[in-house]
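Student: just to be clear, the model below is a prediction. Sequence and coordinates:
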Amino acid sequence: MSEFPVTRLRRLRMKEALRGMVRENFLRKEDLIYPLFVVPGKKVRNEVKSMPGVFQLSIDETVRECVEVRKLGIPSIILFGIPEHKDDVGSGAYDEHGIVQEAVRAIKKEVSELVVITDVCLCEYTSHGHCGIVKGNEIVNDASIELLAKEALTHAQAGADIIAPSDMFDGRVQLIRETLDDNGFDNLPIMSYAAKYASGFYGPFRDAAQSTPQFGDRRSHQMDPANSDEALREVEQDILEGADIVMVKPALSYLDVIRRVKDTFHMPTAAYNVSGEYAMIKAAGRNGWIDEERVMMETLVSMKRAGADLILTYFAKDVAKKL
Ligand code: PBG
């Protein structure tokens, strides 16, 4: 490398046009996945207190939202359901007329081109708020994944375009893959929450999805924030079991993990810009402490720079309007 004054890195920063020519990473509308929370009822639009601009929506309102999302050029949404009734085995999750299953049917009827992803987990559907079946103090693995596979199949039958298991139990991708294949859905992709950490950044989501565990926490299945070699083992395992897209979650405190996953596996890689990351930017923005729009764009492009191909974000509509 030559030395100053021959080298002046500032030369290419002097004009916006020049900066644009040498820019390395971009956000595209095609990268965005917009999360939606579906609740029972009609004409329901409840704003989530800790997530300004995010609403719990009834199915009719969800469909309207999807029409708008599509018009903005966002290709995809991910659905979370809050059922009428919860019980200890999360029956609402694998009911063929459950809230997400009915929402998928309604959306596909109105906006068939939209890529509808469904989150597969039990935590929104169980009375105890855990992601699977609980026996004593243990969140049971093998019996729970049977239910997740049933849930995935009902989503597929309703018309979902991608299945996204978010539970972090062992072997769930394989069982879901087998169940889908056995029922003629061998072309339906799986986006696995492959490296999902036990994170404090999910707080606002649990308000939105009413899925806070009534006792204990998720540390026996979600990953320890201190680990990243283990993340590679989690991702590798999901790929071997049949995952088509792998996700790292949360995103912002785990950019190093996104980079390692991308460099190691060269898979389509998604980053989940989670509820707490959204809430922090919104709160500081509302207080006038940061420039919300600028920090939003900076945060999201950092995920692309880290290697993410896709970003699940509550900012999707705001970003699409800016692009
Ligand atoms: C579980 C699930 C969670 C999120 C997505 N899927 C919460 C959890 O694991 O407790 C969090 C998303 C966010 O914080 O935005 N079904």
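Tutor: Received it, and whenever you're ready, just let me know what you need.
Student: give me the buried positions along stretch 214-229.
Tutor: 218, 221-223, 228 (16 or more other C-beta atoms under 10 Å). Backbone N, C-alpha and C define where each C-beta goes, glycine included.
Student: a markdown table please, covering the residues you listed and showing pLDDT and secondary structure.
Tutor: Putting those into a markdown table (pLDDT from 0 to 100; DSSP: H, G, I helix; E, B strand; the rest coil) gives the following:
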| residue | pLDDT | secondary structure |
| --- | --- | --- |
| Arg218 | 92 | coil |
| His221 | 94 | coil |
| Gln222 | 96 | coil |
| Met223 | 97 | strand |
| Ser228 | 98 | coil |
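Student: which among those are in contact with the ligand?
Tutor: When contact is defined as C-beta under 6 Å from any ligand atom, the buried residues of stretch 214-229 meet the ligand at Arg218.
Student: what residues does the stretch 151-300 of the chain have near the ligand?
Tutor: With C-beta under 6 Å from any ligand atom as the criterion, the stretch 151-300 of the chain comes near the ligand at residues 166, 202, 205-206, 218, 274-275.
Student: tell me the confidence at Glu234?
Tutor: Listed pLDDT for Glu234 reads 98.
Student: just the element for the residue lying closest to it once chain neighbours are set aside, please.
Tutor: The shortest distance from Glu234 to any non-neighbouring residue, by C-beta to C-beta, 6 or more residues apart in numbering, is to Ala195 (5.0 Å). Assigned by DSSP states H and E, Ala195 belongs to strand 191-196.
Student: list the buried residues in the next helix or strand after that strand.
Tutor: Remark: after strand 191-196, the chain's next helix or strand is helix 203-208, criterion DSSP H and E. Buried residues in helix 203-208, counted by 16+ other C-beta under 10 Å: 204-208.
Student: can you check stretch 131-139 too?
Tutor: So, applying 16+ other C-beta under 10 Å, buried residues of stretch 131-139: 131-134, 139.
Student: the helix or strand bottoming out on mean pLDDT in the chain - contacts with which helices or strands?
Tutor: Between all helices and strands in the chain, the lowest mean by mean pLDDT, DSSP states H and E belongs to helix 203-208, at a mean of 91. If you count contacts as 3 or more C-beta pairs under 8 Å, 6 or more residues apart in numbering; DSSP states H and E, helix 203-208 packs onto helix 275-286.
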